[in-house]
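A.B. asks: what would the 3D arrangement of this be:
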Amino acid sequence: MPKILVIEDEEDILNLIKIILEIQGYEVLTACDGFEALERMKENPDLIILDIMMPEIDGWEVLDKIRKNENWKPIPVIVFTANTHIENLKKVHEKRVNDIIVKPFEKKELLEKIEKILNTVV
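C.D. replies: Below is the predicted model:
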């Protein structure tokens, strides 16, 4: 099964997503901040779920660092955010993320978006 890196600073949400994905058979890597996320990238995930609003290094900065690495650049990214302001949505388009999930989210939406992206990539 594909390996998914979930980057989320809210522990409850991180654990919920991890459980949902593991039940579906995915291998799940987790990171609770941008520094840990960049370290976990060395494990070569097949997909990244990236929270935007995090302390210290926000999701946009993490995404920029991922996209600058030639090995990580092609990995699909789903942005996870509670901020639906137009500026944030413009960044989603500018940064060429594969999809966006707005918090609060539905389990069905999460799984459908993951499956759609992984079926396109594989």
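
A.B. asks: does Val79 lie in a helix or a strand, and which?
C.D. replies: Taking DSSP states H and E as the definition, one finds Val79 inside strand 77-81.

A.B. asks: now do that strand, average pLDDT.
C.D. replies: Throughout strand 77-81, pLDDT has a mean value of 92.

A.B. asks: who touches it?
C.D. replies: Under the criterion CB atoms under 8 Å, 6 or more residues apart in numbering, residues 8, 47-53, 59, 63, 66, 88, 92, 95, 97-103, 105, 113-114, 117 lie in contact with strand 77-81. Yep, even glycine has a C-beta here, placed from its N, CA and C like the rest.

A.B. asks: now do the closest residue in space to Lys95 that isn't next to it in sequence against Ile23, distance only.
C.D. replies: With sequence-adjacent residues excluded and distances taken as CB to CB, 6 or more residues apart in numbering, Lys95 is closest to Leu63, at 5.7 Å. Counting by CB to CB, to the nearest Å, the gap between Leu63 and Ile23 amounts to 27 Å.
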